[in-house]
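Enquirer: okay, structure incoming, though there's no sequence with it:
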């Protein structure tokens, strides 16, 4: 930690670099670091609801006028459902 405290990194740059590493490691189109599984589910659901509509993104969590129903198979229900 002492050594790291002497370096400056813009968090946006770190996030972008970490995303590239995650994408490469998983074979995904992109990657994003979150605070945990619930945060990842929340962000993924928000992306599906808003799509590429910047206005809809800025309105969240107000989903009026957006498709806001998520179908989950019963066997995939778990304690993280509240994040969806």
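Expert: Structure's in. What do you need? These numbers come from a predicted model, not from an experiment.
Enquirer: pull out the buried positions in the lowest-mean-pLDDT helix or strand in the chain.
Expert: For the chain, counting by mean pLDDT, DSSP states H and E, helix 37-50 ranks last in confidence among helices and strands (a mean of 94). For helix 37-50, the neighbour count (16 or more other Cβ atoms under 10 Å) marks 41-42, 49-50 as buried. No exception for glycine: its C-beta is placed from N, CA and C like everyone else's.
Enquirer: which helix or strand lies directly C-terminal to it?
Expert: As assigned by DSSP states H and E, the chain's next helix or strand after helix 37-50 is helix 54-59.
Enquirer: what's in contact with that following helix?
Expert: Contact with helix 54-59 is made by 46, 49-50, 66, as judged by Cβ atoms under 8 Å, 6 or more residues apart in numbering.
Enquirer: can you redo these as JSON lines with distance to residue 58?
Expert: Shown next, in JSON lines, are the contacts of helix 54-59 (distance: Cβ to Cβ, whole Å):
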{"residue": "46", "distance to residue 58": "11"}
{"residue": "49", "distance to residue 58": "13"}
{"residue": "50", "distance to residue 58": "9"}
{"residue": "66", "distance to residue 58": "12"}
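Enquirer: could you identify the most distant pair in those residues?
Expert: Maximum pairwise distance among these (Cβ to Cβ): 10.2 Å, between 46 and 66.
Enquirer: and the spatially most central residue of the chain, how far is that from residue 35?
Expert: With distances taken as Cα atoms, centre = their mean, residue 43 lies nearest the centre of the chain, 3.5 Å away. Residue 43 sits 10 Å away from residue 35, going by Cβ to Cβ, to the nearest Å.
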